[in-house]
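Student: My questions are about this predicted structure, shown below with the sequence.
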Amino acid sequence: MCHCRSRCRFLAPTYIPYVRFSESAPIDGVRLPASTYAEQMVSVLYDQPPGEPRDGGSSRVRSGSVRTGDSTTVEKFLRRLLSAGTVTGAAQAAVDTAREALSADVSWSGVISGNYLTMAAYSGLRTAEMPAYWRLEVGQGIGGRVAKEARTIACRDYRRDPRRVPVMKNVIDHEGIRGGACAPLLAGSEVLGVLYACQRHPRNWTSAELHLLTDIARDTGTVLEQIRERHKQQQRAEIAERAAQETTRTVDVVGAIAMSLARTEDIGVGIGVLAHHLGLRVELLEPGGEVLCKAPPGDGRGEKLQLQITVGDEPLGSLQISGGREPTTAERELVTLSADVIALQLLRERAALRAESRVHSEFLDDLLEGRLVDRPAMLARAALLGLDLKVPRHVACIGLRLPLDAGSGDSPPAVTRQLFSKVERKVQGHSPRSTVIPRGGDVVVLLEARATDPEQVHRLLREVLGDTGATGGDLVAGLGRMCLGLADYADSYAEAALALDIARRRSKTGEVLSQADLGLYGLLAKAPTRQSLESVVANALGPLIEADAASGSEYVKTLHAYLDADRHLEHTAAALHVHPNTVRYRLTKAQDMLGVDLRDVDDRFLLELALRVQASLER
């Protein structure tokens, strides 16, 4: 019993399994046949014990009971409950039955959502405030305690009850509610909500009435659990169906991308197909972050999702998605699969490019080194490679300038693949019919001669170096003569390579040197064969080269550093990171082996010329 001066009574919850007609329902602690569940309902409707015969007017209808005294109320309730397909339908069947069976003025049902009871169904309410504003925290007020403690509670007069919640009491008082009983909507041991039966005047609730309200609430809770489970199953089925649809769509889109790549061998087309299906902007970036292709064109806005494209540990690039919204999980999976298809195409293009580069390299070796045994065959090979050698061209060599603190024997840095790609795009942007190839760590360009004015060719190369050098490094270039026939390419290349070698040792980035800037070096570039240039080097430096090869000494390197340092021993030693005495010893030995005197101007000139030619040949 509670301590509120007998205005209410507490009943321990009666745990009743979901009632079927083949089972039994416990009433007042006694397990009765299922058929007497209806009789228990009748005992509440009529003021007579369960099982006592009723005939005609001899039945004494209890004051305040259902007017008609319909004994099929429970059957109708169970039918409505079992046919309810929604929470609202089941809750409405409960409140209608509770109001009718208990002759209550008002009944409503609250279901638990989060940590609050919210209105699910009602009957008999007079105001619009009650259904609109009624909301009760679990554990607060009478209904909240029922939800928390899972037991039925009755209250004779709500207005005098100390458990009232201040937030709700005005709404309930305005509705005029006084006496009330609340039973938990139970599914096993879980409370799903609370069923209310209330009166607009104080009321003492009988044990049978509270048992009946508990039974109605118990059956309703069981059905609510079934509805909830059906809803979960339906949600799972819908999720599975959506997943199947997304999978089918993903397969279709990836198939369309693969088909477009197979037909066109153009990654840009595949990127366009992906962008169309996503409704977002898609960009393919190279490993360095530069955009290779994009769809649709324009500037991407909003957050960017970037997915790396790799094969093993090797990065091939990345796909970048942007737009006015975040991609869904299914769209992310689509992008991931599409990235795999695009990676395959990138590998195909790389393999084709490498094969083409090998063919180009072999052909250009013959062309640039003057191996022109079969001229018609050379022209035919050039045509197969898409190179028209009948069009006048210049040979240009582009490379990175040596650092200012580089030693005389230091090799220039090689052009990276990323920088080569930038140079290639810039050259072909200015001169689409030019051919760009990597060679010996530099970039060789067979530049279409669109003008006979050398200054225009210089200006074009300076623009390429300026555009690329802003992000690519300290680039310089050497330019050879115009080639009007096959025999001109070897001479033009020799001039360009030598001009590049001179330009990269100067301090000016973006410099372009040509044949006119070579001076005496230009005469060497016009030597009939490479062998003649090699013979110049061998005659001047042969003994030193042989000694270095045999013992690992550094006579050639020391001599080169000494002449570059204007014959300062200390500067030479610092550049080579050795003691000045070591430099002095090496120079003495070199003079003895070569039979020269480094104090002699002519000897120094021949040696320095041979060192420059050697450096040019090594490129």
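Tutor: Good, I have the coordinates.

Student: In the protein, which helix is the longest?
Tutor: Scanning the chain for the helix with the most residues, using DSSP state H, yields helix 207-264.

Student: Touching whichever helix or strand comes after that helix from outside, list them.
Tutor: As assigned by DSSP states H and E, the chain's next helix or strand after helix 207-264 is helix 267-278. With contact meaning Cβ atoms under 8 Å, 6 or more residues apart in numbering, helix 267-278 is reached by 249, 253, 256-258, 260-261, 263, 281-284, 292-296, 321, 323, 327, 331, 334-335, 338, 341-342, 345-346, 349. Every residue, glycine included, has its C-beta placed from N, CA and C.

Student: tell me what the helix or strand following helix 267-278 is packed against?
Tutor: Of the helices and strands lying after helix 267-278 in sequence (DSSP H and E), the nearest is strand 281-285. Applying 3 or more Cβ pairs under 8 Å, 6 or more residues apart in numbering; DSSP states H and E, we find strand 281-285 packed against helix 267-278, strand 291-295, strand 314-322.

Student: Of all the residues in the first one, which ones are buried?
Tutor: Neighbour-count burial for helix 267-278 flags Ile267, Val269, Gly270, Ile271, Gly272, Val273, Leu274, Ala275, His277, Leu278 (criterion: 16 or more other Cβ atoms under 10 Å).

Student: CA atoms only for it, dumped as PDB, please.
Tutor: Output of helix 267-278 as PDB, limited to C-alpha atoms (Å, rounded to 0.1, in the frame of the first residue of the first chain):
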ATOM      1  CA  ILE A 267      39.600   7.600 -69.600                       C
ATOM      2  CA  GLY A 268      37.800  11.000 -69.900                       C
ATOM      3  CA  VAL A 269      34.800   9.200 -71.300                       C
ATOM      4  CA  GLY A 270      34.700   6.800 -68.400                       C
ATOM      5  CA  ILE A 271      35.000   9.700 -66.000                       C
ATOM      6  CA  GLY A 272      32.100  11.300 -67.800                       C
ATOM      7  CA  VAL A 273      29.900   8.200 -67.300                       C
ATOM      8  CA  LEU A 274      30.700   8.100 -63.600                       C
ATOM      9  CA  ALA A 275      30.000  11.800 -63.100                       C
ATOM     10  CA  HIS A 276      26.700  11.400 -65.000                       C
ATOM     11  CA  HIS A 277      25.400   8.600 -62.700                       C
ATOM     12  CA  LEU A 278      26.600  10.300 -59.500                       C
END
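
Student: which one of the helices and strands packed on strand 281-285 lies closest to Leu305?
Tutor: Among those, the nearest to Leu305 by Cβ to Cβ is strand 314-322 (4.4 Å).

Student: Can you list the strands that that closest one pairs with?
Tutor: Sheet pairing of strand 314-322 (DSSP bridges) gives strand 281-285 (antiparallel), strand 304-311 (antiparallel).

Student: most tightly surrounded among these?
Tutor: Mean neighbour count (mean count of other Cβ atoms under 10 Å) peaks for strand 281-285 among the strands paired with strand 314-322, with a mean of 22.

Student: Residues touching that one, excluding its own?
Tutor: Under Cβ under 8 Å, 6+ apart, the answer for strand 281-285 is 267, 271, 274-275, 291-296, 298, 300, 306, 317-323, 342.

Student: Just the buried subset of the residues you listed, please.
Tutor: The neighbour count (16+ other Cβ under 10 Å) marks 267, 271, 274-275, 293-295, 300, 317-323, 342 as buried among these.

Student: Go through those and name the one with the lowest pLDDT.
Tutor: For these, the weakest pLDDT value sits at Gly300, with 55.

Student: Tell me which residues of stretch 107-117 come out buried.
Tutor: Quick answer for stretch 107-117 (16+ other Cβ under 10 Å): Ser107, Trp108, Ser109, Gly110, Val111, Ile112, Leu117.

Student: of all these, which comes closest to Leu475?
Tutor: For the buried residues of stretch 107-117, the nearest to Leu475 is Ile112 (72.3 Å; Cβ to Cβ).

Student: a strand runs through that closest one, doesn't it?
Tutor: Yes - assessed by DSSP: H, G, I helix; E, B strand; the rest coil, Ile112 belongs to a strand.

Student: any weak-confidence spans in the stretch 201-350 of the chain?
Tutor: 297-303, 310-314 (pLDDT under 70).

Student: Nearest to Glu190, out of the strands paired with strand 314-322?
Tutor: strand 304-311 (41.1 Å).

Student: And the contacts of the closest one?
Tutor: By Cβ under 8 Å, 6+ apart, the list of residues contacting strand 304-311 from outside reads 285, 315-322, 326-327, 332, 335-336, 339, 342-343, 346-347.

Student: next one: that strand to chain centre, how far?
Tutor: Centroid displacement of strand 304-311 relative to its chain, using Cα atoms, centre = their mean, to the nearest Å, is 7 Å.

Student: got the CA positions of that strand in PDB?
Tutor: These are the backbone C-alpha positions of strand 304-311, laid out as PDB (Å, rounded to 0.1, in the frame of the first residue of the first chain):
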ATOM      1  CA  LYS A 304      35.800  17.000 -51.800                       C
ATOM      2  CA  LEU A 305      36.100  13.300 -51.400                       C
ATOM      3  CA  GLN A 306      39.400  11.900 -52.700                       C
ATOM      4  CA  LEU A 307      40.100   8.200 -53.300                       C
ATOM      5  CA  GLN A 308      43.500   6.900 -54.200                       C
ATOM      6  CA  ILE A 309      44.000   4.700 -57.200                       C
ATOM      7  CA  THR A 310      46.800   2.200 -56.500                       C
ATOM      8  CA  VAL A 311      48.100  -1.100 -57.900                       C
END
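
Student: What ranges does the stretch 301-450 of the chain have for its helices?
Tutor: For the stretch 301-450 of the chain, the helices defined by DSSP state H, counting those that start in this stretch occupy 329-368, 375-384, 417-430.

Student: Highest mean neighbour count out of the ones you listed?
Tutor: Among these, helix 417-430 has the highest mean neighbour count (mean count of other Cβ under 10 Å), at a mean of 18.

Student: Now do that one: distance to the chain's middle.
Tutor: Using Cα atoms, centre = their mean, the offset of helix 417-430 from its chain centre is 29 Å.

Student: So what touches that helix?
Tutor: 286-288, 290, 398, 415, 434, 436, 438, 443, 445, 447, 460, 463-464, 467-468, 471-473, 475.

Student: Could you give the number of residues near Gly440?
Tutor: By other Cβ atoms under 10 Å, 13 other residues sit near Gly440.

Student: looking at this, Ile177 is in a strand?
Tutor: No - under three-state DSSP, Ile177 sits outside any strand and is assigned coil.

Student: give the contact list for it.
Tutor: Contacts of Ile177 by Cβ under 8 Å, 6+ apart are Asp105, Val106, Tyr158, Cys198, Gln199, Arg200.
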